[in-house]
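Asker: the amino acid sequence is not available; the structure is as follows:
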């Protein structure tokens, strides 16, 4: 009898308390996006919002856009956002700093970084060795565009400090910086900026990682790029949010595989492309191959990312990095299984 009373009391207590998983879930998840809205690197994230897939998956998502990955990361560290949409490389950097973060969806399989040489210097540029002593525009310190530049320099036997990296951000501000006469020899950046500068004749593309060949030539193999990553604690406390976001992203990537460029453009805000439709359309075509087909982390991607980073970052080279802890494929795997 006493045992039955204890069981009944426990049941009443459990009923009076919210379920543990439910108590920890957030009603609105804020994603800090490491670039302006129209930057094609983040197209799958923006489309997931535009197509209503986050809501269909049962999660309310707010997108906050920044002009550099470092600013988006600071937003999450400071607690004003929950998840970063940015370069997977940052999960490695943060683990080395003792602030573990984890990728839950990989939406970019190619880095999309491009090195463009200014019109004034393009004719005389022969190889990366010509970059020595020059000012090169990058999106920001420690960014994926800087890692890309450093790898290109290394291919010519140069060190990172053999050039002067200049922070120019992304999008329109990067275009403006490159067009300031004589200030930059070259720029390491992404679209839309690169395609706009290329089509206008302001730069000539020298190295391109928007495709398989270019990525493997610079990074030495398959890579992991655009990612939704968050503090490990957030992922652990909010598994239902993570599951819903992964489901929405998998659905978006599947939709993108079947959609035509025109169908994609039709789902985007007009201000993304209305200033220069030909530029946006060309940039979209250039970048479509770079997006992940399924959201999964590729087998060799994490190790190739680490190999690239340890070459130029002493802190990461000295740290004991557990790459298996920097991503979790389970949420995407569950979404893919559910989709089947």
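Answerer: Nice, thanks for sending it over. Since the model is a prediction, treat every value here as computed from it, not as a measurement. Numbering: from 1, shown residues only.
Asker: just the strands in the stretch 101-250 of the chain please.
Answerer: Taking DSSP state E, counting those that start in this stretch as the test, the strands found in the stretch 101-250 of the chain are 101-106, 114-118, 135-138, 164-167, 186-189, 203-208, 226-231.
Asker: contact partners of the first one?
Answerer: Looking back up the chat, that one is strand 101-106. By C-beta atoms under 8 Å, 6 or more residues apart in numbering, the surrounding residues in contact with strand 101-106 are 83-84, 88, 90-91, 94-95, 224-232, 235, 242, 245-246, 249-250, 292, 295-298, 301, 325-328, 331-332. C-betas here are computed from N, CA, C, even on glycine.
Asker: so how far is residue 159 from the residue nearest to residue 162 when sequence neighbours are not counted?
Answerer: Among residues not flanking residue 162 along the chain, residue 132 sits closest, at 5.0 Å (C-beta to C-beta, 6 or more residues apart in numbering). Look at residue 132 and residue 159: by C-beta to C-beta, to the nearest Å, they are 10 Å apart.
Asker: cool, residue 95 as well?
Answerer: Residue 95 sits 25 Å away from residue 159, going by C-beta to C-beta.
Asker: what do you get for residue 332?
Answerer: Taking C-beta to C-beta, one finds residue 332 at 38 Å from residue 159.
Asker: again with residue 31
Answerer: Using C-beta to C-beta, one gets 36 Å for the distance from residue 31 to residue 159.
Asker: with residue 116 instead?
Answerer: Distance, residue 116 to residue 159, by C-beta to C-beta: 22 Å.
Asker: mean confidence for the longest helix seen in the chain?
Answerer: For the chain, the longest helix by residue count, based on DSSP state H, is helix 239-258. Average pLDDT, helix 239-258: 97.
Asker: circling back to that earlier point, got the contact list for the residue nearest to residue 162?
Answerer: By C-beta under 8 Å, 6+ apart, the residues touching residue 132 are 156, 158, 162-163.
Asker: retrieve the pLDDT associated with it.
Answerer: Looking at residue 132, its pLDDT reads 98.
Asker: for it, grab phi and psi.
Answerer: With angles defined as degrees, to the nearest 10, residue 132 sits at phi -60, psi 130.
Asker: ok, it to residue 280 distance?
Answerer: Using C-beta to C-beta, we find residue 132 at a distance of 35 Å from residue 280.
Asker: doesn't residue 99 fall inside a helix?
Answerer: No: Residue 99: not assigned to a helix; according to DSSP: H, G, I helix; E, B strand; the rest coil it is coil.
Asker: number of nearby residues for the closest residue to residue 231 other than its chain neighbours?
Answerer: Nearest non-adjacent residue to residue 231, counting by C-beta to C-beta, 6+ apart: residue 101, 5.5 Å away. Burial of residue 101 is recorded as 28 neighbouring residues (other C-beta atoms under 10 Å).
Asker: repeat for residue 317
Answerer: Counted with other C-beta under 10 Å, residues neighbouring residue 317 total 13.
Asker: give me the element it is part of.
Answerer: For residue 317, the host element (DSSP states H and E) is helix 314-318.
Asker: so what touches that helix?
Answerer: 92-93, 96-97, 306, 309-311.
Asker: ok so, going back, give me the more crowded residue out of residue 116 and residue 159.
Answerer: When residue 116 and residue 159 are compared for neighbours, residue 116 comes out ahead with 25 against 11, by other C-beta under 10 Å.
Asker: make sure that one is actually in contact with residue 191.
Answerer: No: using C-beta atoms under 8 Å, residue 116 is not in contact with residue 191, being 11.0 Å away.
Asker: what's the neighbour count on residue 256?
Answerer: 21.
Asker: correct me, but it touches residue 290?
Answerer: No: taking contact to mean C-beta under 8 Å, the distance of 11.1 Å between residue 256 and residue 290 leaves them out of contact.
Asker: the spatially closest residue to residue 70 that is not a sequence neighbour: neighbour count?
Answerer: Nearest-residue entry for residue 70: residue 140, 5.3 Å, with adjacent residues in sequence omitted and distances by C-beta to C-beta, 6+ apart. Close neighbours of residue 140, defined as other C-beta under 10 Å, add up to 20.
Asker: list the contacts for residue 140?
Answerer: The neighbourhood of residue 140, defined by C-beta under 8 Å, 6+ apart, consists of 68-70, 146, 167, 169.
Asker: now, which of those residues sits nearest residue 201?
Answerer: Set against residue 201, the nearest of these by C-beta to C-beta is residue 169 (21.8 Å).
Asker: now the closest one: phi and psi?
Answerer: Phi and psi for residue 169, reported as degrees, to the nearest 10, are phi 70, psi -150.
Asker: for residue 263, see how far away it is.
Answerer: With C-beta to C-beta as the criterion, residue 169 and residue 263 are 30 Å apart.
Asker: cool, and residue 189?
Answerer: Relative to residue 263, residue 189 is positioned 27 Å away (C-beta to C-beta).
Asker: ok, the two, which is more surrounded?
Answerer: Neighbours per residue, other C-beta under 10 Å: of residue 189 and residue 263, the larger number sits with residue 189, 32 against 11.
Asker: find the nearest non-adjacent residue to that one, please.
Answerer: With sequence-adjacent residues excluded and distances taken as C-beta to C-beta, 6+ apart, residue 189 is closest to residue 174, at 5.1 Å.
Asker: same thing with residue 307?
Answerer: residue 220 (6.6 Å).
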